[in-house]
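[1] No letters, just coordinates:
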């Protein structure tokens, strides 16, 4: 196992965000030197000033625009989405490059959809495969900016999908689907934050580069997720399904449904003695933790 150096200093961008909060807590528990900022990524002068003043060795970019309550917001706020997800992300990466700082970007894997080569139950999308989903403006911007950003020699891009925490935070994927009147039942790759965020710190501090599908291995359907949620957390929970066609009538933008291939990530983490559990097992343990924490 490669040990993490105590000399590094982490700067988390998007400091008030959900993922940022989890990263900060993990780093602090490990006794790491960590600070956060809410400086707008597109403000080049302020970004450079912040990097000069705080002098981080590693930037963790957990900022960006996902839309509230969901990505439909981006359809009506395209300029703001571009300003954050395209101009801002590229600006921060470029500023880090100029300052010789390693930059980890928490990106998205919602840039693919099942097709003839990647059918449900078949092989997942690998990191080098071209994005094939642009059904939402959010996903369209994210795939385009990743294609440019990955050329930088200082950047690590981690593709999360449908992230899940051990509580019922509003940003938790489980919280979202548990509040919908109906859900589609399609297998997808998911990211259990308790499993993956510690791995992001290992990869960052060891200066890994490039693109990684950053999800638990495998895929799980919405019905499987909610069945486990009912079993461990909320025994009286009930839900209904509807088709993608029916779903399209109540949302502004399409949704990505896909499974990502995690072979590259799993093999890399093995070098550091770190194992990521398969998604079904990971969800079961997540809901056990959630129930023990008192979430209902």
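    Perfect, thanks for sending it. No experiment lies behind these values; they were computed from the predicted model shown. Numbering: from 1, shown residues only.
[2] Now residue 33. Its backbone dihedrals?
    The phi/psi pair for residue 33 (degrees, to the nearest 10) reads phi -80, psi 110.
[3] For residue 277, see how far away it is.
    Distance from residue 33 to residue 277, counting by CB to CB, to the nearest Å: 29 Å. (Glycine included, C-beta is placed from N, CA and C.)
[4] again, but for residue 191
    For residue 191 relative to residue 277 (CB to CB), the value is 12 Å.
[5] try residue 266
    In terms of CB to CB, residue 266 sits 11 Å off from residue 277.
[6] What segments of the stretch 51-200 of the chain are helices?
    Taking DSSP state H, counting those that start in this stretch as the test, the helices found in the stretch 51-200 of the chain are 72-76, 78-82, 89-98, 137-149, 173-178, 193-205.
[7] which residues sit against the third one?
    Yep, that's helix 89-98 we're talking about. 13, 41-42, 44, 47-48, 51, 59, 61, 63-64, 102-103, 105, 145, 148-149, 152-155 (CB atoms under 8 Å, 6 or more residues apart in numbering).
[8] hang on, the earlier thing: using CSV, lay out the helices of the stretch 51-200 of the chain together with mean neighbour count, distance to residue 21 and mean pLDDT.
    Listed next are these as CSV, based on neighbours: other CB atoms under 10 Å; distance: least, CB to CB, whole Å; pLDDT from 0 to 100:
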stretch, mean neighbour count, distance to residue 21, mean pLDDT
helix 72-76, 18, 21, 84
helix 78-82, 15, 22, 91
helix 89-98, 21, 19, 98
helix 137-149, 20, 22, 93
helix 173-178, 18, 15, 94
helix 193-205, 21, 10, 97
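[9] between those, which one is nearest to residue 255?
    Proximity to residue 255 (CB to CB) singles out helix 137-149 among these, at 8.9 Å.
[10] one step back: please enumerate the shared neighbours of residue 266 and residue 277.
    Shared contacts of residue 266 and residue 277 (CB under 8 Å, 6+ apart): residue 217.
[11] thinking again about what came up before, settle it for me: which of residue 191 and residue 277 has more neighbours?
    Shown here are residue 191 and residue 277; by other CB atoms under 10 Å, residue 191 has more neighbours (27 against 17).
[12] anything in contact with each of residue 191 and residue 277?
    Residues touching both residue 191 and residue 277 (CB under 8 Å, 6+ apart): residue 216.
[13] one step back: among the contacts of helix 89-98, which ones are buried?
    With burial judged by 16 or more other CB atoms under 10 Å, the buried subset of these is 13, 41-42, 47, 51, 59, 61, 63-64, 102-103, 105, 145, 149, 152, 154-155.
[14] contacting residues for the residue nearest to the spatial centre of the chain?
    Central residue of the chain (CA atoms, centre = their mean): residue 160, 2.8 Å from the mean position. Residue 160 sits next to 19, 106, 107, 108, 109, 191, 196, 214, 215 when contact means CB under 8 Å, 6+ apart.
[15] ok, now which ones touch residue 41?
    Applying CB under 8 Å, 6+ apart, we find residue 41 in contact with 13, 47, 61, 63, 64, 84, 87, 88, 89, 91, 92.
[16] The third one contacts residue 88, doesn't it?
    What it means is residue 61. No - using CB atoms under 8 Å, residue 61 is not in contact with residue 88; the gap is 9.1 Å.
[17] and residue 107, how many residues sit next to it?
    With other CB under 10 Å as criterion, residue 107 counts 25.
[18] Just grab the bridge partners of it for me.
    Counting by DSSP bridges, residue 107 forms beta bridges with residue 159.
[19] what residues are up against it?
    142, 146, 157, 158, 159, 160.
[20] Sweet, I'm off.
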